[in-house]
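K.L.:
this is a predicted model, with the sequence first.
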Amino acid sequence: MNMLNIHASFFSFGNPFTWVDRFLNDFKQTQTIRLNQHNLVVRWTRRADKALLNLNQPLIIELQLYFSCVVKKRVLFHEQVDFETVGVIKNLQIAFRPVASAICSPEEFARHYPAGEKLVNGPASRMVPKEVEIDYRHGQWQGQFYYH
């Protein structure tokens, strides 16, 4: 007999510790920048703010729109890059890069995200995100970006 899994449903409340963590470490810090002639709202938590203050060199966040067999939004964190970035605050820089895959293989896509070429013209280059959220949890940078 199958039971209704209410804990994984749309109507579940989820883990209460997640709600407490979100309340204690909300996205208080906010900065709006111009990225590719569009406004981008950057939000980060108090945890991320503390971690950024302790860095010796800027953290570079790459917002990547990855075109392969499917389209995937990726947030990558780097110490150094060879592409243009925009400064947000002292130790934080952001770049947006739409990238086309070299091949369309679901297995290769899932394992390695093979980069082909940067899409500098056309609709993909104009699909700049509107908002990005950054957190630092359990020693790892985390991020996500949104389109409205």
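P.N.:
That came in fine, so what should we check first?

K.L.:
can you give me the strands in the protein?
P.N.:
Here the chain has its strands, by DSSP state E, at 29-35, 38-44, 59-67, 71-78, 86-89, 92-101, 115-118, 131-137, 140-146.

K.L.:
Gln140: neighbouring residues, count only.
P.N.:
Counted with other Cβ atoms under 10 Å, the neighbours of Gln140 add up to 8. Placement of C-beta: from N, CA and C, glycine included.

K.L.:
coming back round to it: rank the strands of the chain by pLDDT, which is bottom?
P.N.:
Set side by side, those show their lowest mean pLDDT on strand 115-118, which sits at a mean of 59.

K.L.:
dump the strands of the chain to a markdown table, plus distance to Ala51.
P.N.:
Shown next, in a markdown table, are the strands of the chain (distance: least, Cβ to Cβ, whole Å):
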| stretch | distance to Ala51 |
| --- | --- |
| strand 29-35 | 12 |
| strand 38-44 | 9 |
| strand 59-67 | 8 |
| strand 71-78 | 11 |
| strand 86-89 | 13 |
| strand 92-101 | 10 |
| strand 115-118 | 27 |
| strand 131-137 | 4 |
| strand 140-146 | 8 |
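
K.L.:
quick one: which of the ones you listed is nearest Lys50?
P.N.:
Minimum separation from Lys50 across the strands of the chain (Cβ to Cβ) falls at strand 131-137, 7.6 Å.

K.L.:
pull the contacting residues for Leu59.
P.N.:
Contacts were defined as Cβ atoms under 8 Å, 6 or more residues apart in numbering; by that measure Leu59 touches Leu52, Phe77, His78, Glu79, Asn91, Leu92, Gln93, Trp141.

K.L.:
likewise for Phe77?
P.N.:
Counting by Cβ under 8 Å, 6+ apart, Phe77 makes contact with Leu59, Ile60, Ile61, Glu62, Trp141, Gly143.

K.L.:
switch the cut-off to 6 Å
P.N.:
Residues in contact with Phe77, defined by Cβ atoms under 6 Å, 6 or more residues apart in numbering, are Ile61, Trp141.
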